[in-house]
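>>> no letters, just coordinates:
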């Protein structure tokens with residue numbers, strides 16, 4: 001289940017953190033956060049804005065070992081370098 005562990009040309013801040021701080025695939029990460037995989041993938045691609053529930057925030061912060069709100073990315077999607 002770890003096939004998608006490395007991003008495919010993704011510079012999504014949340015993907016970078018997932019890869020750097022966990023050994024989880026996108027599927028495993030999404031499940032542990034209580035987020036449907038396709039929803040997580042839409043957030044990462046920028047198709048939709050991330051809107052997490054408090055339990056999802058807690059799980060995400062624990063999995064990524066985020067200690068401070070300042071360490072949370074402002075946006076989960078890739079930065080638009082064309083702007």
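Great, that's in hand. Note that the coordinates shown come from a computational prediction; the quantities given were computed from them, not determined experimentally.

>>> run the chain-centre distance for the lowest-mean-pLDDT helix or strand in the chain.
Ranked by mean pLDDT, DSSP states H and E, the weakest helix or strand in the chain is helix 13-21, scoring a mean of 92. Offset of helix 13-21 from its chain centre (CA atoms, centre = their mean, to the nearest Å): 7 Å.

>>> what residues of it count as buried?
13-15, 17-19 (16 or more other CB atoms under 10 Å). Just so you know, the C-beta spots here come from the backbone N, C-alpha and C atoms, and that holds for glycine as well.

>>> now render those residues as JSON lines, adding distance to residue 58.
JSON lines is the format used below for the buried residues of helix 13-21 (distance: CB to CB, whole Å):
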{"residue": "13", "distance to residue 58": "19"}
{"residue": "14", "distance to residue 58": "15"}
{"residue": "15", "distance to residue 58": "20"}
{"residue": "17", "distance to residue 58": "16"}
{"residue": "18", "distance to residue 58": "16"}
{"residue": "19", "distance to residue 58": "21"}
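
>>> what's the burial count for residue 69?
Other residues near residue 69 number 8, with proximity taken as other CB atoms under 10 Å.

>>> now swap in the one 4 residues further on and tell me
When neighbours are counted by other CB under 10 Å, residue 73 registers 16.

>>> name the nearest residue to it, sequence neighbours excluded.
Leaving out its chain neighbours, the residue that sits closest to residue 73 by CB to CB, 6 or more residues apart in numbering is residue 13, at 3.5 Å.

>>> for the spatially most central residue of the chain, give me its contacts.
Nearest to the geometric centre of the chain sits residue 14, at 3.6 Å (CA atoms, centre = their mean). Applying CB atoms under 8 Å, 6 or more residues apart in numbering, we find residue 14 in contact with 43-44, 50, 73, 76.

>>> what of residue 47?
Contacts of residue 47 by CB under 8 Å, 6+ apart: none found.

>>> what's the spacing between it and residue 54?
23 Å (CB to CB, to the nearest Å).

>>> nice, that's everything, thank you.
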